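In: have a look at this prediction, sequence included:
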Amino acid sequence: MIRWLRPLRSGATYTRLLHLWVPALPFSVWILVDPGTPWAPVLVLVPLGLVRVVRKGEGVQARLLLTPGEADPGIAEGPSADWRDRGRTSLWMLVRVLLSAATSFTTVWLPLLGFSLGQLAAGVPPRGVPVLEDAPHHWAWALTVPFPLVLLYGVLVGLEALVTTAARRLLGLSPAERLAALEARTEQLLERTRIARELHDSIGHALTVAVVQAGAARAANSPEFTERALAAIEETGREALEDLERVLGVLRESERPASARPTLTDADRLLESARASGAKVDAEVTGPLETLPGPVSREGYRILQEALTNVLRHAGAVPARVRVATGDGLLTLEVRNPLPDDRPAPGRGSGLRGIRERAALLGGRAHTGPDGAGDWQVRVELPLG
C-alpha cells in the first residue's frame, strides 16, 4: 500500500503534472476567442516542431520538469540536427497536446464527479454531471465518493509515466548525437589521462632533480657545489611551476591551445637540468626538430623528460647517452645509461607505463628494459604522419 502512495512524496510527480498542464494554456485562451474550433491551436503547435530551436526548448523543459535531478535522463538539449529530428519533434508536440487534453479532462471531470456523488449523498441536487441529475438521493452515494479520486490518482500517475517515456523516445539523443556524446566523453577521459601524465612527468622530474641535487650537495660538503646545486634546484623548480601553470590552464580554460605546452625544441633545458644534477649527458640530435608535428613534438618532450627522470631516480649521476633523430617518417628517441648492480631496475612505476601509452596513442612503439650489454635502454619510435 505504501508503495502505491510513493509518488505523492516525489517532487517529480508535481513537476510532471505541471508539464502536462502547460500545453492546455493556448487551448484555454483560444476557446475564449473561438469556442467553435477548440482544436485550432494544433494546426500551429505541431508544425512548430519543424523549427530547429523548438527541439532545444522542449528538451530543456522536459529535462527540468519530467526528469528533475536525473544525471542522464536520455533527453537531448540541442536543436534539431536533421529532418528526422524535426519530424520526431513534431510528433512529440502532437503527443504532448493529446496527453495534455487527457490530463485536463481528467483533472476537471473526475473531481467534479466525486463532488456530485457527495451532493447526492447529502440530498443536494447535483449540477455539472448530467447523468447524475435524475439519480435518487441516498446516503449510500457517500461510499462511492473515493472512487473518482482514486481513479484520478491512477490516471495522472499513468499519464506522467507515459509522457516521460514519450519524451525519452521522441526527444532522446539521435544516433549522431549519441556518437558525438560518446566522442566528447572519450576526449574528456583522454584529456584527464593526459593531464595526469603531464603532472607526473613534470613534477616528478622536478622533485627527482631536487632530491638528487640535495643529496649530492650534502655528500660533497662543498660551498661551491652547494651553491650550484641550489641554483639548479631553483631553475628546475621554476620550470616545474611553469609546466604546472600550463596544465592548470587546461583545466581552467577548456579552449586553451595545446601549443602552449613544451616541445622537443625545448629539450635543451631537460639536458641541462640532468647535467646540473651530476649526470654526464651525451646528446646527439639529427634532423630539424622545428618541423615536427605538434602532437609528436609535445609527446616526445614528455617521453624524453620521463626517461631522463628515470636515469636520475634509479641510476643516479651516471653517464647517459641521448639520441634524437628524425627521418624515414619516424621520430626516434633513445636514452641509454649503465645500470649499477646495487640498484633495482625500473619498471614497476607509472613512468615507463606512461611512455608506452604515449607512444601507443600516436601509433608508435616503445621498448624499455636492459639491452643485454649492461645498459638500461628507453627507445621510442613515433610516426610523423
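Out: That came through fine. Note that this is a predicted model, so its numbers are computed, not measured. Numbering: from 1, shown residues only.
In: hey, where'd the helices end up in the stretch 151-300 of the chain?
Out: With DSSP state H, counting those that start in this stretch as the criterion, the stretch 151-300 of the chain has helices at 175-220, 223-252, 267-276, 294-310.
In: what packs against the third one?
Out: If contacts are counted by 3 or more C-beta pairs under 8 Å, 6 or more residues apart in numbering; DSSP states H and E, helix 267-276 sits against helix 175-220, helix 223-252, strand 280-286, helix 294-310, strand 319-327. In short, each C-beta sits where N, CA and C put it, glycine included.
In: quick one: closest of the ones you listed to residue 29.
Out: Closest to residue 29 of these, according to C-beta to C-beta: helix 175-220, at 34.4 Å.
In: can you lay out the helices and strands packed on helix 267-276 as a markdown table showing mean neighbour count?
Out: Below are those laid out as a markdown table (neighbours: other C-beta atoms under 10 Å):
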| stretch | mean neighbour count |
| --- | --- |
| helix 175-220 | 16 |
| helix 223-252 | 15 |
| strand 280-286 | 14 |
| helix 294-310 | 24 |
| strand 319-327 | 17 |
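In: a markdown table for those, including distance to residue 130 and mean pLDDT?
Out: A markdown table is the format used below for the helices and strands packed on helix 267-276 (distance: least, C-beta to C-beta, whole Å; pLDDT from 0 to 100):
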| stretch | distance to residue 130 | mean pLDDT |
| --- | --- | --- |
| helix 175-220 | 51 | 70 |
| helix 223-252 | 69 | 72 |
| strand 280-286 | 97 | 88 |
| helix 294-310 | 78 | 85 |
| strand 319-327 | 92 | 90 |
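In: compile the ones you listed into TSV and extend it with columns for distance to residue 92.
Out: Formatted as TSV, the helices and strands packed on helix 267-276 follow (distance: least, C-beta to C-beta, whole Å):
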stretch	distance to residue 92
helix 175-220	15
helix 223-252	38
strand 280-286	62
helix 294-310	43
strand 319-327	56
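In: which of those sits closest to residue 75?
Out: Comparison of the helices and strands packed on helix 267-276 against residue 75 by C-beta to C-beta identifies helix 175-220 as nearest, at 10.8 Å.
In: on that earlier part again, can you say which of the helices and strands packed on helix 267-276 is nearest to residue 78?
Out: Comparing these by C-beta to C-beta, helix 175-220 comes nearest, at 6.9 Å.
In: of all the helices and strands packed on helix 267-276, which one is nearest residue 378?
Out: Closest approach to residue 378 among those (C-beta to C-beta): helix 294-310, 4.3 Å.
In: show me what that closest one is packed up against.
Out: helix 175-220, helix 267-276, strand 319-327, strand 330-338, helix 350-361, strand 375-383.
In: could those go into CSV alongside distance to residue 237?
Out: Formatted as CSV, the helices and strands packed on helix 294-310 follow (distance: least, C-beta to C-beta, whole Å):
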stretch, distance to residue 237
helix 175-220, 6
helix 267-276, 11
strand 319-327, 22
strand 330-338, 23
helix 350-361, 20
strand 375-383, 25
